[in-house]
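# Here you go, sequence then predicted model.
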Amino acid sequence: MLRLSLATALLAATALSAQAQALPDRIKTAGKIVIATQPNYPPIAFKDPATNALSGFDIELGEAIAKELGVKAEWQETAFAQMLPSLQTGRVDMVMAGMSDLPARRETADFVDYMVSGAQFYTVSAFAASIKTPEDLCGKSVGASRSTNWPRQIGEWSEANCVAKGKPAITVVGTEGSVDARTQLKTQRLQGGVQGSETMSHFQKLEPNTYVPLGLPFTRSLTGIPFAKTPEGTQLRDAVKGALDRLQANGGYDSLIAKYGLTNNGLKPIVLNQGE
């Protein structure tokens, strides 16, 4: 029994040592990973209305990753446009903000992909009688956050599904963010909107009988955690991927996926730089 206990302890110590060694020396010494986020994208990252505390899938997953690596997560609220520059300057170590892994972004960052997303057309109940399918948006005004690739994707969808079939094109409106798009839709300045498929169930629960999804997501993208393309960034990237692999193996990842209603958005296995 003593030999077995000693062997078990040695195995545990070896595993912990391997995890610690995987982290860059600077982060091990600091005892923390600085993570950029923008809490305006529920259920991925938002502030709890009751406590004003950071909440959401990305926040809890980031905390679990840090715990798995034996350090603390220090969150830094950052404007979306400044997230990748902040990686390059070393102000943050990684980003968890529902960011899509896109080829253009991989010119300056590497991604650990951990979730599936897709652009989802939707409208509001006031238009539900006349707008029942995505094709009913042809000739209408459709809004989406201009800081994403959704406006471009709406235009491409419109060319293929409206213009090519002799229907009027969608008027694409770039908004200040998804909140702005929903506000303009509720005030009927827009007739449709687009946001990530992972967010729809949250807003349908938050504002019952308001939002109506139209069809299935019309794109598929991978959400990832970006890291600087430096030796230190690569070392941290690999450590975080290993932590996510272990969280998938021990059920922690699936538990968070279920908690936030993201059963159609889980990605297995975790992959590197596979976004399109």
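Now that the structure is in, tell me what you want to look at.

# Gly155 against Val172, yeah?
Yes: applying CB atoms under 8 Å as the test, Gly155 and Val172 come out as touching, 5.2 Å apart. (C-beta placed from N, C-alpha, C; glycine too.)

# For the two, indicate the residue with more neighbours.
Val172 (20 against 16; other CB atoms under 10 Å).

# surely that one meets Gln153?
No: the criterion here is CB under 8 Å, and Val172 misses it with Gln153 at 9.4 Å.

# Across the sheet, point out what pairs with Leu54.
Lys47 (DSSP bridges).

# roughly how far apart are the nearest residue to Lys72 once chain neighbours are set aside and Lys165?
Distance criterion CB to CB, 6 or more residues apart in numbering; nearest residue to Lys72, sequence neighbours excluded, is Lys32 at 4.5 Å. Here Lys32 is placed at a distance of 54 Å from Lys165 (CB to CB, to the nearest Å).

# quick revisit: which residues touch the residue nearest to Lys72?
By CB atoms under 8 Å, 6 or more residues apart in numbering, the contact list for Lys32 reads 66, 71-74.

# do the same with Val112
Residues near Val112 by CB under 8 Å, 6+ apart: 224-225, 227, 237, 240-241, 244, 270-272.

# where does it land in three-state SS?
Taking DSSP: H, G, I helix; E, B strand; the rest coil as the rule, one finds Val112 in the strand state.

# So which of the contacts of Val112 are in helices?
Mapping these onto helices (DSSP state H) picks out 237, 240-241, 244.

# which among those residues gets closest to Ile44?
Leu244 (15.7 Å; CB to CB).

# Tell me, what's the model's pLDDT at the closest one?
If you check Leu244, the pLDDT there is 98.

# That one touches Tyr114, doesn't it?
Yes: between Leu244 and Tyr114 there is a contact under CB under 8 Å: 5.9 Å.

# which residues are in contact with both of those two?
Ile270.

# out of the two, which sits in the more crowded spot?
Tyr114 (28 against 23).

# gap between that one and Asp180?
Per CB to CB, Tyr114 is found 27 Å from Asp180.

# center of this protein - which residue?
For the chain, Gly98 is the residue whose C-alpha lies nearest the centre (CA atoms, centre = their mean; 1.8 Å).

# Would you confirm that that residue belongs to a helix?
No: applying three-state DSSP, one finds Gly98 to be coil, outside a helix.

# list the contacts for the closest residue to it other than its chain neighbours?
With CB to CB, 6+ apart as the criterion, Gly98 has its nearest non-adjacent residue at 4.1 Å, and that residue is Ile44. Counting by CB under 8 Å, 6+ apart, Ile44 makes contact with 56-58, 97-98, 196, 198-199, 260.

# show me the contacts for Asn149.
Applying CB under 8 Å, 6+ apart, the residues near Asn149 are 100, 102.

# That should have said Pro134, apologies.
So Pro134 contacts 121, 157, 161, 214-215, 218 (CB under 8 Å, 6+ apart).

# so which of the residues you listed comes closest to Gly266?
Closest to Gly266, out of all of those and judged by CB to CB, is Phe218, at 20.1 Å.

# Can you report how many residues lie near the closest one?
Around Phe218 there are 19 residues (other CB under 10 Å).

# mind checking which helix or strand it is in?
Following DSSP states H and E, one finds Phe218 outside all helices and strands.

# pretty sure it contacts Gln153?
Yes: counting by CB under 8 Å, Phe218 touches Gln153, with 7.5 Å between them.

# shared neighbours of these two, which are they?
Joint contacts of Phe218 and Gln153 (CB under 8 Å, 6+ apart) are Ala119.

# where exactly do the strands run in the stretch 1-150 of the chain?
32-37, 46-47, 54-55, 72-77, 94-95, 109-117, 119-124, 141-145 (DSSP state E, counting those that start in this stretch).

# Can you lay out these as TSV showing mean pLDDT?
Formatted as TSV, the strands of the stretch 1-150 of the chain follow (pLDDT from 0 to 100):
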stretch	mean pLDDT
strand 32-37	98
strand 46-47	94
strand 54-55	96
strand 72-77	98
strand 94-95	98
strand 109-117	97
strand 119-124	96
strand 141-145	96
